[in-house]
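Chemist: pasting the structure only:
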Ligand SMILES: CCCCCCCCCCCCCCCC(=O)SCCNC(=O)CCNC(=O)[C@H](O)C(C)(C)COP(=O)(O)O
Ligand SMILES: Nc1ncnc2c1ncn2[C@@H]1O[C@H](COP(=O)(O)O)[C@@H](OP(=O)(O)O)[C@H]1O
């Protein structure tokens, strides 16, 4: 899909089929084009779906006559979608991305992998390691969170507390049989599901539109065309169907986290961490900094 760089961005010339989402990609001369959505509009539309989902889930949970912790399949931590998919969420996201990247032109592959590496580093920093405990655990400890011993027996608890107070990560706390409690517990699920979804939408959208419109050249996509395009795109290639299926699953699991788990504030901080790297790289740096764009490229077909 051809998409020349807007001069406002102080552009260098992009590869023919690179697509940088841009608000000014509509042609002002075409009648009725104000109703058309550019790639940027579509990306922002997809991105706005996630906070709305969390708000809807939280409102439902607050208004529901039964308690938010009501026993249902999706309120159980051990449900298979949680255990096999979300708990390995970055692995599944990686698989879908690598299949997508393997289809890109070789000149685009290295830069797509570089963007993936940045997204992976952000996932590691938030959930695994940040010069010590990961960001989510450092936030928890900084807000007076502790690893509490699980054993109610005071004899054992005393022994455990000694160990627990030395524990600085939620993972180690769980392994020691303790409970991570007291501080601000940023939702790891909201973070991962939002981060992974925005990464996949940003990388896959040009391909999805291209497959769903059969490469049609146009000023944009109308509202009524969005779902038919995604369906045609899924039908056109198994890889597109796989990517869209994962995005639907991530969206559903985010809704379930919104309904059954965490406080409003913990979901909000999870979401902020989830959009941070996407906003900096895809929304800001790639659009307004030609140097960044020349290093990382832009998602394309
Ligand atoms: C020239 C360019 C070179 C660029 C090089 C790029 C390298 C590309 C290929 C590298 C492949 C690496 C493969 C990495 C695969 C993985 O992702 S392994 C990780 C699998 N683990 C997960 O997915 C765990 C996800 N889960 C969590 O993070 C947490 O469980 C949670 C969801 C945040 C919840 O936290 P809890 O505390 O468990 O509640
Ligand atoms: N959509 C979902 N489905 C099932 N369990 C979920 C969930 N969202 C969050 N959880 C569970 O709620 C706890 C807090 O999640 P998080 O902080 O990652 O958002 C985690 O419990 P466990 O750590 O005991 O598995 C997690 O598995």
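Modeler: Thanks, I have the structure now. Not measured: the values here are computed from a predicted model. Ligands and ions are numbered 1, 2, ... in the order given.
Chemist: Tell me the spacing between residue 40 and residue 145.
Modeler: Residue 40 sits 39 Å away from residue 145, going by Cβ to Cβ, to the nearest Å. Placement of C-beta: from N, CA and C, glycine included.
Chemist: for residue 276, same thing?
Modeler: Using Cβ to Cβ, one obtains 21 Å as the distance from residue 276 to residue 145.
Chemist: Repeat that for residue 77.
Modeler: Taken as Cβ to Cβ, the span from residue 77 to residue 145 is 19 Å.
Chemist: of the two, who's got more company?
Modeler: Counted by other Cβ atoms under 10 Å, residue 77 and residue 145 do not tie: residue 145 has more neighbours, with 18 against 9.
Chemist: Contacts only, for the more buried one.
Modeler: 180-185 (Cβ atoms under 8 Å, 6 or more residues apart in numbering).
Chemist: mind listing the helices for this protein?
Modeler: Applying DSSP state H to the chain gives helices spanning 39-63, 80, 89-102, 106-127, 135-142, 154-165, 170-175, 188-212, 226-236, 238-260, 264-278, 286-288, 290-296.
Chemist: what's next to the fifth one, contact-wise?
Modeler: Helix 135-142 has contacts (Cβ under 8 Å, 6+ apart) with 125-127, 130, 132-133, 168-170, 180, 183-186, 188, 191, 269, 273.
Chemist: out of the residues you listed, which touch ligand 1?
Modeler: 127, 170, 188 (Cβ under 6 Å from any ligand atom).
Chemist: just checking, the last one touches residue 270?
Modeler: Yes. Under the criterion of Cβ atoms under 8 Å, residue 188 lies in contact with residue 270, with a separation of 6.9 Å.
Chemist: Out of these two, name the residue with the larger neighbour count.
Modeler: Legend: neighbour count by other Cβ under 10 Å for residue 188 and residue 270, higher for residue 270 (26 against 22).
Chemist: And that one, what's its pLDDT?
Modeler: Note on residue 270: pLDDT of 98.
Chemist: Which residues are in contact with it?
Modeler: 186-191, 194, 262.
Chemist: now, the most widely separated pair of the residues you listed?
Modeler: 194 and 262 (13.2 Å; Cβ to Cβ).
Chemist: between these two, which one's more packed in?
Modeler: Per other Cβ under 10 Å, whichever of residue 194 and residue 262 has more neighbours is residue 194, with 28 against 22.
Chemist: Leaving aside the residues adjacent along the chain, what's closest to the more buried one?
Modeler: residue 274 (2.8 Å; Cβ to Cβ, 6 or more residues apart in numbering).
Chemist: just residue 124 next, same as before
Modeler: Nearest one to residue 124, counting by Cβ to Cβ, 6+ apart, is residue 134 at 7.7 Å.
Chemist: From the structure, what's the count of residues near the one you found?
Modeler: Applying other Cβ under 10 Å, I find that residue 134 has 22 neighbouring residues.
Chemist: same thing with the one 10 residues further on?
Modeler: Number of residues near residue 144 (other Cβ under 10 Å) recorded here: 9.
Chemist: pLDDT score for it?
Modeler: Confidence score, pLDDT, at residue 144: 93.
Chemist: same question, the one 3 residues further on
Modeler: At residue 147 the predicted local confidence, pLDDT, stands at 90.
Chemist: Is it in contact with residue 177, as I believe?
Modeler: No. Contact criterion Cβ under 8 Å: residue 147 and residue 177 do not qualify, at 9.8 Å.
Chemist: Looking at these two now, which is surrounded by more residues?
Modeler: Under the neighbour definition other Cβ under 10 Å, residue 147 and residue 177 were set side by side, and residue 147 has more, 28 against 13.
Chemist: From residue 283, how far out is residue 150?
Modeler: When residue 150 is compared with residue 283 (using Cβ to Cβ), they lie 42 Å apart.
Chemist: roughly how far apart are residue 170 and residue 138?
Modeler: 11 Å.
Chemist: Settle it for me: which of these two has more neighbours?
Modeler: The residue with more neighbours, out of residue 170 and residue 138, is residue 170; 22 against 16, by other Cβ under 10 Å.
Chemist: Name the nearest residue to residue 196, sequence neighbours excluded.
Modeler: residue 93 (4.1 Å).
Chemist: Then residue 249?
Modeler: In space, residue 249 comes closest to residue 85 once its chain neighbours are excluded; the distance is 6.1 Å by Cβ to Cβ, 6+ apart.
Chemist: So residue 185 sits against residue 262, correct?
Modeler: Yes. Assessed by Cβ under 8 Å, residue 185 is found in contact with residue 262 at 7.1 Å.
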